[in-house]
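**Q** Curious how this folds, go ahead:
(2 chains)
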Amino acid sequence: MASLVELDKVSKLYGSFVALRTISLQFERGRCYVLLGENGAGKSTLLRMIAGLLRPTYGSVRVFLRQSGDGGPPADARDRIGYMSHAPMLYDELSAAENLRYFASLYREQPCLTPAEALQAVGLDPALPRPVGQYSQGMRQRTSLARVLLAQPELLLLDEPFSNMDAASAQQMLALVGRLRGEGKTVILTTHQRELAEPIADFLLTLQAGSVASLVERQSYAGGMNERTLFDSVAQDDSLKYL
Amino acid sequence: MKRPYFWVHLAKDLRIEWRSRDAINSMLFFALLVVVIFSLAFDPTRSFARQISAPVLCVAILFAAVSALNQTWARELRHNVLDAHRMSPSPAGALFLGKVLANFLFVSVIELILAPLFVIFYNLHALGNVWLLLLAVPLGTWSILINGTFFAALSIRSRNRELLLPLILFPIFMPALLAMVLAIAAILSGESDPSLWIKVLLSYDVIFTTISLLLFDTILYAED
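**A** Numbers count the residues shown, from 1 in each chain, chains lettered A, B, ... in the order given. Below is the predicted model:
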């Protein structure tokens, strides 16, 4: 299957701290990758690098076959990437609908969802007049996801999308992400809630201290789920080529 | 009909300011403080007022503008909204132009409030062509804001950005500040022709607007 994102021997250093160590990965189109790992493992750094918001110190990142990492995603790929970070990337003073209307107007050259459609997709009331600053953390997360969905991107980069959400909301978001993957979108998401994200994952990628610790492919079949370890740093199985 | 990108950014900034009034309130406080304190300190007669009112007005505008400029990118940094701009296909220059125009409108509102206060506190009666103030003041204001918005963006990743902004801005703004003061003083006193200083301001604005628009891409997409 064609790869959408390619990382070739990517390392990222913050001063003397190594956030990512010589990572080579390929992310296939239309698949869902769940990135796992402890705090500081390098999950968010990896996601920001794919988004083009960080430059690799060494190595190269290619997204949609274009070189990324000049301080932003490749110019002609910006409307094809949706990035949701820890922070909601919304204006506190505006309501959810106003925020989304504003961001939709920045993606005017392509068909966008309406703010109402995007908000309904994440289970929020589009008519809610309160400014986002008065929302709960979970509601902000959902509005943030709605912002990402607006431009109907092909590649979704979701950094902890289920954090701060109650169980029911997290399940609702999970179903939404699963549906997006079913529509052929490529999803790369980070989470600490492995059990929650497993059902939608095609690959479970575990990072440890900036390196790939393991990579597990999950394939569903009629009777259940089959897991195949493609790489395990403990077993020193150098089979990343299967990715 | 689709509105230009800069208009979208401008409308958003105006809407946010209308709700928060962060910039207007801080600017108004600084500007009124300067105007009132100077008028009490000097107890100006009409001729003396003509001499000092131009620099006082410019200092009031400068301090007011800097207090607004410090906040102009703060709301983009809060919750990482700036990353959303870096990810969007909208041109970087439009974001910058929208910000400058929004700041220009905020400072213009302050100037409109200050104008009658100046006449009252400084007992002003202009001897030159008063209508030329409609050229000199907006051109001078634009020169502060085009540089200020640019350098505020340049310093947003710095921990000491509120200190850094005036340190970078004031030396570069100095030629425009002098031209603004001399143009306004010439208009108020009627003793000399302000046209040279107005041309200086116009040239300064054209040069720095062009440079800022061309370089803003580099600043927006610079890595954290």
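**Q** Which stretches in the chain count as strands?
**A** Reading this off chain A. Assigned by DSSP state E, chain A shows strands spanning A:3-14, A:17-28, A:32-36, A:58-63, A:66-67, A:81-84, A:155-159, A:186-190, A:203-208, A:211-221, A:224-232.
**Q** And for the first one, what's in contact with it?
**A** Counting contacts by C-beta atoms under 8 Å, 6 or more residues apart in numbering or on different chains, the residues outside strand A:3-14 that touch it are A:18-29, A:42, A:45-46, A:49-50, A:54, A:56-64, A:154-155, A:186, A:188, A:210. All C-beta spots, glycine's among them, are computed from the backbone N, C-alpha and C.
**Q** the inter-axis angle of it versus strand A:186-190?
**A** Compare the direction of strand A:3-14 with that of strand A:186-190 by axes from the mean of the first three to the mean of the last three C-alpha atoms, to 10 degrees and you get 30 degrees.
**Q** Work out the gap between strand A:3-14 and the centre of the chain.
**A** With C-alpha atoms, centre = their mean, to the nearest Å as the basis, strand A:3-14 stands 15 Å off its chain's centre.
**Q** for that strand, what is the average pLDDT?
**A** Over the span of strand A:3-14, the pLDDT mean works out to 91.
**Q** Give me the sheet partners of that strand and which way each runs.
**A** In the sheet, strand A:3-14 lines up against strand A:17-28 (antiparallel), strand A:58-63 (antiparallel) (DSSP bridges).
**Q** what's the closest of the strands of chain A to A:M173?
**A** Nearest to A:M173, of all these, is strand A:155-159, at 9.2 Å by C-beta to C-beta.
**Q** JSON lines for the strands paired with strand A:3-14, including mean pLDDT and mean neighbour count?
**A** Below are those laid out as JSON lines (pLDDT from 0 to 100; neighbours: other C-beta atoms under 10 Å in any protein chain shown):
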{"stretch": "strand A:17-28", "mean pLDDT": "92", "mean neighbour count": "18"}
{"stretch": "strand A:58-63", "mean pLDDT": "91", "mean neighbour count": "18"}
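**Q** I'd like the ones you listed as TSV, with distance to B:A65 appended.
**A** Putting the strands paired with strand A:3-14 into TSV (distance: least, C-beta to C-beta, whole Å) gives the following:
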stretch	distance to B:A65
strand A:17-28	39
strand A:58-63	40
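**Q** Now render the strands of chain A as TSV, adding distance to B:L167.
**A** TSV is the format used below for these (distance: least, C-beta to C-beta, whole Å):
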stretch	distance to B:L167
strand A:3-14	27
strand A:17-28	30
strand A:32-36	42
strand A:58-63	35
strand A:66-67	36
strand A:81-84	34
strand A:155-159	35
strand A:186-190	39
strand A:203-208	41
strand A:211-221	42
strand A:224-232	51
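**Q** Apart from its chain neighbours, what residue comes closest to A:R108?
**A** B:K2 (5.8 Å; C-beta to C-beta, 6 or more residues apart in numbering or on different chains).
**Q** Could you list the low-confidence segments of the chain?
**A** Since you didn't name a chain, this refers to chain A. Along chain A, segments meeting pLDDT under 70 span A:1-2, A:68-75, A:221-223, A:233-243.
**Q** should've been chain B
**A** Where chain B drops to pLDDT under 70, the residues are B:1, B:43-44, B:46, B:224.
**Q** In it, which residue sits closest to chain A?
**A** Of all residues in chain B, the one sitting closest to chain A is B:Y221 (3.2 Å; C-beta to the nearest C-beta).
**Q** Check whether that residue really touches B:R86, as I assumed.
**A** Yes. The criterion here is C-beta atoms under 8 Å, and B:Y221 meets it with B:R86 at 6.1 Å.
**Q** what about those two, which has more around it?
**A** B:R86 (21 against 17; other C-beta atoms under 10 Å in any protein chain shown).
**Q** Let me know whether the more buried one touches A:L53 as I believe.
**A** Yes. Between B:R86 and A:L53 there is a contact under C-beta under 8 Å: 6.3 Å.
**Q** can you point me to the longest helix in chain A?
**A** When chain A is parsed with DSSP state H, its longest helix is helix A:167-182.
**Q** and that helix with strand A:155-159, angle?
**A** Comparing the axes of helix A:167-182 and strand A:155-159 via the same axes, to 10 degrees yields an angle of 160 degrees.
**Q** Just list what helix A:167-182 packs against, helices and strands only.
**A** If you count contacts as 3 or more C-beta pairs under 8 Å, 6 or more residues apart in numbering or on different chains; DSSP states H and E, helix A:167-182 packs onto strand A:32-36, helix A:137-150, strand A:155-159, strand A:186-190, helix A:194-197.
**Q** For chain B, what lies in contact range of chain A?
**A** B:2-3, B:5, B:8, B:12, B:15-16, B:19-20, B:75, B:78-81, B:83-90, B:220-224 (C-beta under 8 Å from any C-beta of the partner chain).
**Q** Show me these that map onto helices.
**A** B:5, B:8, B:12, B:15-16, B:19-20, B:75, B:81, B:83-87, B:220.
**Q** What residues does B:A136 make contact with?
**A** By C-beta under 8 Å, 6+ apart, the contact set of B:A136 is B:180, B:183-184, B:187, B:194, B:197-198, B:201.
**Q** Among these, which ones are in strands?
**A** Per DSSP E, those never map to strands.
**Q** want to try a markdown table for those residues, with neighbour count and distance to A:M139 as columns?
**A** Compiled in a markdown table, the contacts of B:A136 are given as follows (neighbours: other C-beta atoms under 10 Å in any protein chain shown; distance: C-beta to C-beta, whole Å):
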| residue | neighbour count | distance to A:M139 |
| --- | --- | --- |
| B:M180 | 29 | 47 |
| B:A183 | 30 | 52 |
| B:I184 | 26 | 51 |
| B:I187 | 26 | 54 |
| B:P194 | 24 | 56 |
| B:W197 | 25 | 54 |
| B:I198 | 21 | 52 |
| B:L201 | 27 | 48 |
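**Q** Which members of those residues are the farthest-apart pair?
**A** B:I187 and B:L201 (12.4 Å).
**Q** B:S108 contacts B:G140, correct?
**A** No. The pair B:S108 / B:G140 is not scored as a contact, 11.6 Å apart, by C-beta under 8 Å.
**Q** Between the two, which has more neighbouring residues?
**A** A direct count of neighbours by other C-beta under 10 Å for B:S108 and B:G140 places B:G140 higher, at 28 against 16.
**Q** Identify the residues contacting the nearest residue to B:F38 once chain neighbours are set aside.
**A** Excluding the flanking residues, the one nearest B:F38 by C-beta to C-beta, 6+ apart is B:V56, at 4.8 Å. Shown in contact with B:V56 (C-beta under 8 Å, 6+ apart): B:34-35, B:38, B:122.
**Q** Out of the residues you listed, flag the one nearest to B:A65.
**A** Distance to B:A65 across these (C-beta to C-beta) is lowest for B:V34, with 12.0 Å.
**Q** secondary structure element for that closest one?
**A** B:V34 is part of helix B:22-42, with elements assigned from DSSP states H and E.
**Q** Next, the angle from the helix or strand following that helix to helix B:22-42.
**A** Counting by DSSP H and E, the next helix or strand C-terminal to helix B:22-42 is helix B:46-72. Helix B:46-72 and helix B:22-42 are oriented at 150 degrees to each other (the same axes, to 10 degrees).
**Q** Okay, A:Q208 and chain B: tell me how far apart.
**A** A:Q208 sits 24 Å away from chain B, going by C-beta to the nearest C-beta, to the nearest Å.
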